[in-house]
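Novice: Show me the folded form of this:
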Amino acid sequence: MTDGSESQYGWIGLGNMGGPMTGNLVDAGHSVRGFDLDHRSLGDAQQRGVTPVTGIPEALEGADVVFTMLPAGQQVREVFAGEGGIFEHASQDTLLIDSSTVDFETSRWCHREAEARGLRFVDAPVSGGISGAEAATLTFMVGGRPENVEQALPFIEPMAGNTFPAGGPSAGIAAKLANNMMLGISIMAAAEGSQLAERLGLDPKVFWDIVSVSSGQSWAQKTWYPVPGIVESAAANNNYDATFRADLALKDLTLATQAGREADLSLTAAELATSQLQALADEGLGHKDCTLITKYVSPEGEAPGYTAEHDVADAA
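Specialist: This is a model prediction of the structure:
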């Protein structure tokens, strides 16, 4: 790939992330054979130039590399070890890369099971969301044996803005979970800080400018500030239509706090952020943006720029 030659990709999971990621591979001149149980996702990927196939074995045929981008650890285990799965049909010449966000133990299981079969496996979760997948600006965090990571990087490059070899097996998912845990806590800080400033009479743009060059700044504050008209990329401008869905953020923080408990750590702030995202999900608002946790700051349960009408019905 480094010489510009075409590579053959197999791809399992063509949803909101996998669809645009494979489209960028096609745009970069590579061939992609993709599979998804959802026929609409398969059709959308075909419109992007992906060759749709009817099952995992067909996706693996002739593949230099196979990516999986799946919803959770259970699906990853089934796709790899289930009947007709990747482990059954993969060639030892094919590099296996999982970009799903999974629990830490599932990632370690993938590495162990692949190595036991003489297969090369890399965990490479991503940060950047659907917009990053569309724009080919995702950040990949890559874990595995050094030689496998080195081989994975050229396959990742057409989809990435940044790629970080994070360390050994499962270092990529460890980085993803810790990063997204910090994001969740930062969102909570931006929500509370923005509302305190407003109640104390500060102009929201003036306060945002101050924080942006002061000790309260964060990526969440600069990019997803939960007040309309301040940051162009904020969901608050669009009734909190999702930039990063609350239910997906809940998944990531749940996995992070689970990993923390297994590591005998007290992640108090992360547990609180998780509880607020869970509250959105319980209200039927998991499809809305994660920054809608701002509504829990005020006693009225309101967030700047948010109109609740039709949201629960739309989610259903």
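
Novice: all contacts plus neighbour counts: C-alpha atoms, from now on.
Specialist: OK.

Novice: mind listing the helices for the stretch 1-150 of the chain?
Specialist: Assigned by DSSP state H, counting those that start in this stretch, the helices in the stretch 1-150 of the chain fall at 18-27, 39-47, 56-60, 73-81, 86-89, 104-116, 129-135, 146-156.

Novice: Out of those, the one nearest Lys205 is which?
Specialist: helix 129-135 (25.0 Å; Cα to Cα).

Novice: Buried residues in the closest one, which are they?
Specialist: 129-130, 132-134 (16 or more other Cα atoms under 10 Å).

Novice: Just the mean pLDDT for that helix, thanks.
Specialist: Average pLDDT, helix 129-135: 88.

Novice: list the contacts for Leu95?
Specialist: 64-66, 119-122, 148, 152 (Cα atoms under 8 Å, 6 or more residues apart in numbering).

Novice: Quick check: closest non-adjacent residue to Gly128.
Specialist: The shortest distance from Gly128 to any residue other than its chain neighbours is 5.0 Å, reached at Leu138 (Cα to Cα, 6 or more residues apart in numbering).

Novice: Tell me, how many residues neighbour the one you found?
Specialist: Neighbourhood size, Leu138 [other Cα atoms under 10 Å]: 25.

Novice: so it makes contact with Gly161?
Specialist: Yes. Counting by Cα atoms under 8 Å, Leu138 touches Gly161, with 5.2 Å between them.

Novice: ok, the residue nearest to Gly128 to Trp11 distance?
Specialist: From Leu138 across to Trp11, the span is 17 Å (Cα to Cα, to the nearest Å).

Novice: Just put the buried residues of helix 129-135 in JSON lines and tack on distance to Trp109.
Specialist: Below are the buried residues of helix 129-135 laid out as JSON lines (distance: Cα to Cα, whole Å):
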{"residue": "Gly129", "distance to Trp109": "25"}
{"residue": "Ile130", "distance to Trp109": "27"}
{"residue": "Gly132", "distance to Trp109": "28"}
{"residue": "Ala133", "distance to Trp109": "27"}
{"residue": "Glu134", "distance to Trp109": "30"}
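
Novice: OK, contacts around Ala256?
Specialist: Ala256 makes contact with 177-178, 181, according to Cα under 8 Å, 6+ apart.

Novice: Which residue is most remote from the mean position of the chain?
Specialist: Each residue of the chain has a distance to the centre, and by Cα atoms, centre = their mean the biggest one is for Gly201: 36.7 Å.

Novice: in what helix or strand does it lie?
Specialist: If you go by DSSP states H and E, Gly201 is not part of any helix or strand.

Novice: Can you tell me how far it is from Gln195?
Specialist: Counting by Cα to Cα, the separation of Gly201 from Gln195 is 10 Å.

Novice: same question, Ala81
Specialist: Taken as Cα to Cα, the span from Ala81 to Gln195 is 49 Å.

Novice: neighbour-wise, which of these two wins?
Specialist: Neighbours per residue (other Cα under 10 Å) separate Ala81 from Gln195, with Gln195 holding more: 22 against 16.

Novice: Return the residues in contact with the closest residue to Gln46 other than its chain neighbours.
Specialist: Counting by Cα to Cα, 6+ apart, the nearest residue to Gln46 once its immediate chain neighbours are dropped is Pro52, at 6.2 Å. Neighbouring residues of Pro52 by Cα under 8 Å, 6+ apart: 33-35, 42-43, 45-46.

Novice: which stretches of the stretch 201-316 of the chain form helices?
Specialist: In the stretch 201-316 of the chain, the segments counted as helices under DSSP H, counting those that start in this stretch are 204-212, 219-223, 246-262, 268-282, 311-315.

Novice: Next, the buried residues of the longest one.
Specialist: It refers to helix 246-262. Those would be 246-260, for helix 246-262 by 16+ other Cα under 10 Å.

Novice: farthest pair in the residues you listed?
Specialist: The distance between the two most remote of the buried residues of helix 246-262 (Cα to Cα) is 20.6 Å, for Ala246 and Gly260.

Novice: thinking again about what came up before, which member of the buried residues of helix 129-135 is positioned nearest Ser218?
Specialist: Gly129 (17.6 Å).
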